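Enquirer: Sharing a model that was predicted from the sequence below.
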Amino acid sequence: MNRTKRKKSDVLRRLWKDYKLACVATVVLGLIILLVILSPVIAPYDPAAMDLAHRLEGSSPAHWLGTDSQGRDILSRLLTGGYTALLGPLCVVGIGLAAGVPLGLISGYTNGRADNMIMRVCDVILSFPAMLLALITVSIFGRGIRNTVVILGFFYIPTIARMVRSNVIVQKEQAYVEACRAIGFSAPYIMVRHILPNCFSTIIVQATLCMGYALLDISAMSFLGLGVQEPQADWGKLLADGKNIIMTNPILAVSSGIIIMITIICINLMGEALDAYFDPRRKKV
Amino acid sequence: MGKYILKRLFSILVIFFIASVIIFSLVRLAPGDVAASIAGGGKTTQATLEAIRAKYHLNDPVVVQYGVWMKGILKGDWGTSFQMHTPVLVLITSRIGLTFQLILMGFVIGILVSLPLGIVSAVKQGTYTDHVISVLTTITAACPAYFIGMLCMLLFAYRLGWFPVYGSGRGIWENFYYLFLPSLSIGLGMVAMNAKNLRSAMISAHESNYILTARAKGLSNKRIILYHTLKNAVVPYLTISGLEMASMLGSTSIIERTFSISGIGSLLVDAVAKNDYPVVQGITLVIVVLVLLINLAVDVLNALMDPRIRIR
């Protein structure tokens, strides 16, 4: 028991030594997540409660970050707004992985007609700006956070499929795959049990980085009024609200922008550190 | 070279065809009656629906419908916006100039900032300067373009009064002034990716044997970096810049919305919010064509710079 404990602290110390920035990022992101999860308990006010007598107030002991144009407490809205902003990217990347990983595996391993078809479809989707695609599909299926997340997730599939494919192509040439084939394992078995685990590190890194992009995209959609709808709060939507009152109370715009920024910086730093951890050759000098 | 361009043109035509099919099927994918969604979703009489069905050949097979639609597009009949009751083509042509100027200015700013940053951080690799640049790019990479825009607006327009807060001026020259802040925020968005990629491309090019040769020949450091390393690192840089310019066409709607600029981006957002399908289709088609042209330009430029690409 004692020995394992010491080992654990050793690992933590080494991680801290090699990846200081990423450790700080993880702690900060963890704090943000914790605050957002605890928001129903710790938010000082009901985030949807209007109080027209106290509109557009600046920072005060009663409202730390002031109030918006309808007298709602900005700090409470910021805390609850993190819910969609954090859960959304998880779902987006989840959808992208669920379809992108199998497609990439098949495409990379079979390398035949299936590969050609999958990759051409990916090419076509990737040749459009993602934001444009999201905009026009939301116009068909209607606005709302659920549609936005599903549609964005769909558009992350080609990116992830391509990344997995290029990884599988490299792995396929390795000796262990040849050995598996010689033993007589079936193609699906080799793909899932042998090649996939060897691609995990790249997939984790890419998924982390995608999470940052997804957060940007979801915020942009909410900013345009197509994602999260009233009276729910979301960081992107708070930024849009903040734009309208930027003259009288810039705190709303600045605070919601900064929280988005910090979250994405943390995610990106973690992604880069994971990249360096899995592949020391790529470690920054 | 001619053969290479022809090959690229052909593949672009294929992609354009697929894209046009997708754009065409947009309205038909929408839940509910197609005629009703073309009519605008509100209350419509049976007679109107019949008229729409006849006009868009909705009772004919889908292939015929596509043919009729495409013929209209090629002839310049892009339909009529049912929100503004104006022909779509007129709406687009009257607003696209502003979007063009915004994106071109943003692109130039992005290049002017990212090129020196990338070169300096590669040359001064591992030094204090490199770290500062890396911090800057990490921050801009995480910053939504519209947030940069709002900060610029707050600082340079409201507080300092150097620039107009929003809107656009009259004529191209006045717009250079009006569009400066919007193009700055759209341009800074591409800096992080470009500078980082240029840095790593230059560092890997700098380790090549031909650089050693150049050094052995006694060339000056400046000459090696500008004529040998940069020339080889610029091909991936160009490709990424092209991609960034294409994605600017997607994100322009957000910036136009932030600064209340009436280009095609804000027109698209309005049309999406009001289910104005003809306008959505028209703008999407324009943007897709522009993206494909940008891709073609990038391919041709790359082939000119790197003979190996032509042969493949």
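Expert: Done, it's in.

Enquirer: ok, and for whichever strand or helix holds residue B:300, which residues are buried?
Expert: Secondary structure from DSSP states H and E places residue B:300 in helix B:277-305. Within helix B:277-305, the residues that count as buried by 16 or more other C-beta atoms under 10 Å in any protein chain shown are B:277-288, B:290-292, B:294-296, B:298-303. Placement of C-beta: from N, CA and C, glycine included.

Enquirer: Chain A next: which of those residues are close?
Expert: Among those, the residues within reach of chain A (C-beta under 8 Å from any C-beta of the partner chain) are B:277, B:280, B:284, B:287, B:288, B:291, B:292, B:295.

Enquirer: Can you pick out the most distant pair from those residues?
Expert: Taking C-beta to C-beta, the two most distant members of those are B:277 and B:295; they sit 26.4 Å apart.

Enquirer: where in the chain is pLDDT low?
Expert: All of this is about chain A. For chain A, applying pLDDT under 70 flags the ranges A:1-6, A:280-285.

Enquirer: Chain B, not that one
Expert: When residues are selected by pLDDT under 70, those of chain B lie in B:30-34, B:37-43, B:311-312.

Enquirer: from it, which residue is nearest to chain A?
Expert: In chain B, the residue that lies nearest chain A is residue B:250 (2.6 Å; C-beta to the nearest C-beta).

Enquirer: Setting aside sequence neighbours, what's the nearest residue to that residue?
Expert: Take residue B:250 and drop its neighbours on the chain: the residue closest to it by C-beta to C-beta, 6 or more residues apart in numbering or on different chains is residue A:129, 2.6 Å away.

Enquirer: How about residue A:131?
Expert: Counting by C-beta to C-beta, 6+ apart, residue A:131 lies nearest to residue B:250, which is 3.4 Å off, once chain neighbours are set aside.

Enquirer: Would you mind identifying the next helix or strand past the helix or strand hosting the one you found?
Expert: Using DSSP H and E, residue B:250 sits in helix B:230-258. Where DSSP H and E defines the elements, the next helix or strand beyond helix B:230-258 is helix B:264-273.

Enquirer: Can you spell out which helices and strands pack onto that following helix?
Expert: Contacts defined by 3 or more C-beta pairs under 8 Å, 6 or more residues apart in numbering or on different chains; DSSP states H and E place helix B:264-273 against helix A:130-141, helix B:88-123, helix B:230-258, helix B:277-305.

Enquirer: could you dump the first one to CSV, C-alpha only?
Expert: As requested, C-alpha coordinates have been extracted for helix A:130-141 and formatted as CSV (Å, rounded to 0.1, in the frame of the first residue of the first chain):
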residue,chain,number,x,y,z
ALA,A,130,-17.5,24.1,-41.6
MET,A,131,-19.2,27.2,-40.3
LEU,A,132,-21.1,27.6,-43.6
LEU,A,133,-22.2,23.9,-43.5
ALA,A,134,-23.4,24.2,-39.9
LEU,A,135,-25.3,27.4,-40.7
ILE,A,136,-27.2,26.0,-43.7
THR,A,137,-28.0,22.7,-42.0
VAL,A,138,-29.3,24.4,-38.9
SER,A,139,-31.5,26.4,-41.3
ILE,A,140,-33.1,23.2,-42.4
PHE,A,141,-33.4,21.2,-39.2
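
Enquirer: Could you chop chain B up by domain?
Expert: Domain ranges of chain B: B:2-75, B:88-306, per automatic domain parsing.

Enquirer: ok now the first one, how far from the chain's centre?
Expert: Think domain B:2-75. Its chain's C-alpha centre and that of domain B:2-75 lie 24 Å apart, by C-alpha atoms, centre = their mean, to the nearest Å.

Enquirer: can you tell me the distance between the two ends of that domain?
Expert: With C-alpha to C-alpha, to the nearest Å applied, domain B:2-75 spans 29 Å between its terminal residues.

Enquirer: thinking again about what came up before, isn't the residue nearest to residue A:131 right next to residue A:155, touching?
Expert: No. Between residue B:250 and residue A:155 there is no contact, the gap being 10.9 Å when judged by C-beta atoms under 8 Å.

Enquirer: anything in contact with each of these two?
Expert: Between them, residue B:250 and residue A:155 share these contacting residues under C-beta atoms under 8 Å, 6 or more residues apart in numbering or on different chains: A:130, A:133.

Enquirer: Spatially central residue in chain A, please.
Expert: Here the mean C-alpha position of chain A is nearest to the C-alpha of residue A:211 (C-alpha atoms, centre = their mean), at a distance of 1.8 Å.

Enquirer: okay, now residue A:115: neighbour count?
Expert: Residue A:115 sits with 18 neighbouring residues when counted by other C-beta atoms under 10 Å in any protein chain shown.

Enquirer: what about whichever residue of the stretch 101-250 of chain A sits closest to chain B, distance to residue B:292?
Expert: Chain B sits closest to residue A:129 of the stretch 101-250 of chain A, with a gap of 2.6 Å, by C-beta to the nearest C-beta. To residue B:292, residue A:129 is 12 Å away according to C-beta to C-beta, to the nearest Å.

Enquirer: So what does residue B:276 have for phi and psi?
Expert: Backbone torsions of residue B:276, given as degrees, to the nearest 10, read phi -90, psi 80.

Enquirer: Go ahead and confirm it touches residue B:79.
Expert: No. Assessed by C-beta under 8 Å, residue B:276 is found out of contact with residue B:79, at 9.9 Å.

Enquirer: Of these two, give the one with the bigger neighbour count.
Expert: More neighbours surround residue B:276 than the other of residue B:276 and residue B:79, with 26 against 20 (other C-beta under 10 Å).

Enquirer: contacting residues around that one?
Expert: Counting by C-beta under 8 Å, 6+ apart, residue B:276 touches B:40, B:81, B:82, B:83, B:270.

Enquirer: Let's have the residues you listed in CSV, adding distance to residue A:22, secondary structure and neighbour count.
Expert: Below are the contacts of residue B:276 laid out as CSV (distance: C-beta to C-beta, whole Å; DSSP: H, G, I helix; E, B strand; the rest coil; neighbours: other C-beta atoms under 10 Å in any protein chain shown):
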residue, distance to residue A:22, secondary structure, neighbour count
B:40, 52, coil, 16
B:81, 50, coil, 24
B:82, 52, coil, 18
B:83, 49, coil, 16
B:270, 42, helix, 18
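
Enquirer: closest to residue B:57 among these?
Expert: The closest of those, once distances to residue B:57 are taken by C-beta to C-beta, is residue B:82, at 18.4 Å.

Enquirer: What separation do you get for that closest one and residue A:60?
Expert: From residue B:82 over to residue A:60 the distance is 48 Å, taken as C-beta to C-beta.
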